[in-house]
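Q: pasting the structure only:
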């Protein structure tokens with residue numbers, strides 16, 4: 001099913017906002033100056049954080065993959081408590097559905113963007129030349145990020161959000177009920 005990108009971004013705008021806020025958070029944590037921030041817009045890109053070039057690879061790595069960590073964690077935190085009233089007690093609770101939508105929309109935007117991957121590739125290859133172990137280990141990760149971005153054409157980003165937001169609690173529930 002083909003849905004225009006701008007419509008998906010409108011329906012999942014909390015995920016875009018959290019993604020950009022995570023970039024900003026890691027810029028602040030690593031003392032990287034931020035030049036401009038757009039948390040959400042209805043054009044490409046849906047949001048951005050422009051910052052100075054980080055002075056070390058670790059900072060660059062964290063700024064690039066920070067949204068994956070933050071969005072994934074928030075997806076789980078919002079979906080987990082909302083999952084159980086709906087799944088176990090079969091309650092059609094609007095608040096639970098709101099938190100499921102919120103968590104899934106945040107989880108859908110966990111993957112670093114292609115632009116993030118491009119920057120990470122450039123800094124990783126440069127740092128790998130100086131035998132930086134994190135940079136060397138991150139090179140395959142950049143490939144996975146690029147594949148994940150291509151996979152978003154086939155709803156891989158939604159599948160990821162559903163897997164961690166709904167699949168993880170379902171697995172835990174199955175284990176608990178055994």
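A: Yep, that arrived. No experiment lies behind these values; they were computed from the predicted model shown. Numbers count the residues shown, from 1 in each chain.
Q: biggest helix in this protein by residues?
A: Using DSSP state H, we find that the single longest helix of the chain is helix 57-87.
Q: Give me the buried positions along it.
A: Neighbour-count burial for helix 57-87, counted by 16 or more other C-beta atoms under 10 Å, picks out 57, 59-68, 70-72, 74-76, 78-80, 82-83, 85-86. Every residue, glycine included, has its C-beta placed from N, CA and C.
Q: Who's the closest spatial neighbour of residue 102, skipping the chain neighbours?
A: Nearest residue to residue 102, sequence neighbours excluded (C-beta to C-beta, 6 or more residues apart in numbering): residue 78, at 5.0 Å.
Q: I'd assumed residue 97 was in contact with the one you found.
A: No - applying C-beta atoms under 8 Å as the test, residue 78 and residue 97 come out as separate, 11.6 Å apart.
Q: related to what we said a few turns ago, after the longest helix of the chain, which helix or strand is next?
A: Moving toward the C-terminus from helix 57-87, the next helix or strand (DSSP states H and E) is helix 94-108.
Q: what inclination does that following helix have with respect to helix 57-87?
A: 150 degrees (axes from the mean of the first three to the mean of the last three C-alpha atoms, to 10 degrees).
Q: Need the phi and psi values for residue 38.
A: phi -130, psi 110 (degrees, to the nearest 10).
Q: and it, how many neighbours?
A: Residue 38 is flanked by 14 other residues according to other C-beta atoms under 10 Å.
Q: show me what contacts it?
A: Shown in contact with residue 38 (C-beta atoms under 8 Å, 6 or more residues apart in numbering): 20, 47, 48, 49.
Q: Farthest pair within those residues?
A: Spatial extent of the contacts of residue 38 (C-beta to C-beta) is set by the pair 47 and 49 at 7.7 Å.
Q: what residues do the two have in common as contacts?
A: Here residue 47 and residue 49 share the contacting residues 20, 38, scored by C-beta under 8 Å, 6+ apart.
Q: Residue 136 is in contact with residue 128, isn't it?
A: Yes - in terms of C-beta under 8 Å, residue 136 counts as a neighbour of residue 128; the distance is 4.9 Å.
Q: Between these two, which has more neighbouring residues?
A: Neighbours per residue (other C-beta under 10 Å) separate residue 136 from residue 128, with residue 128 holding more: 17 against 14.
Q: All set now, cheers.
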